[in-house]
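Enquirer: Okay, here's the prediction I keep looking at, along with the sequence it came from:
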Amino acid sequence: MTAEFVRPGEKPRDDLPGRPAPFVLAAGEGERAHLFDQLFTVLLSGDETEGQFGVFTMEAPRGRAIPVHAHDDVHEIFYVLDGQVRVGIEDTDGAILDRVLTTGDFGYVPAGLKHSFRVESLRARTLGVSTGGFERFFAAAGERTEATAPPGAPVIPSPEQLGDAARRFRNEFHHDVRLID
């Protein structure tokens with residue numbers, strides 16, 4: 001259960017506060033969503049940071065690379081908590097940075113750059129930080145869940161659902177580009 005400062009007679013909330021307010025989450029808590037073979041857990045949203053940033057985790061088994069994409073006004077970081085994750089990023093000159101990040105490694109994707117990632121180890125867990133609001137893309141593109149592990153079978157959104165989520169969260173897919181071998 002989410003713990004936050006609670007006034008006498010009020011009960012604690014079981015979700016994020018939705019406004020700038022102190023709160024804590026126990027391990028496994030947050031807003032969870034399945035997308036493809038991944039579990040995303042939003043720990044802090046743009047609602048709590050007045051749109052400045054969002055914080056989330058991603059946990060997944062070894063699998064295929066997520067589709068190459070870019071978001072013009074969203075910066076994104078990856079910090080590998082456990083495992084190995086290959087990150088591919090194309091810079092503004094067209095050069096590709098293709099690197100396997102291991103536990104403790106950090107990666108940064110400035111807004112507007114095409115990027116993709118793939119879990120290389122049996123399982124991996126990352127901490128992500130993005131420009132505020134984008135953290136809710138995963139639930140919009142996939143499905144909300146109460147599960148605390150990646151899905152047993154991949155959650156594949158319909159083209160309409162994925163397209164709608166991409167438009168709402170300013171995420172442009174580049175299916176004709178490959179960044180990771």
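Expert: Received it, and whenever you're ready, just let me know what you need. Residues are numbered from 1 along each chain as shown.
Enquirer: helices or strands up against the helix ranked longest in the chain?
Expert: Taking DSSP state H as the criterion, the chain has its longest helix at helix 159-168. Contacting helix 159-168 under the criterion 3 or more C-beta pairs under 8 Å, 6 or more residues apart in numbering; DSSP states H and E are the following elements: helix 137-141, strand 172-173. Every C-beta, even on glycine, is put in place using the N, C-alpha and C of the backbone.
Enquirer: Return the most buried member of the ones you listed.
Expert: Burial of the helices and strands packed on helix 159-168 is given as mean neighbour count (mean count of other C-beta atoms under 10 Å); helix 137-141 ranks first at a mean of 22.
Enquirer: Distance from the chain centre to that helix, please.
Expert: Centroid displacement of helix 137-141 relative to its chain, using C-alpha atoms, centre = their mean, to the nearest Å, is 9 Å.
Enquirer: Pairing partners for the following helix or strand past it, with directions?
Expert: Once the chain leaves helix 137-141, the next helix or strand it forms, by DSSP states H and E, is strand 143-144. Sheet pairing for strand 143-144, assigned by DSSP bridges, gives strand 31-35 (antiparallel).
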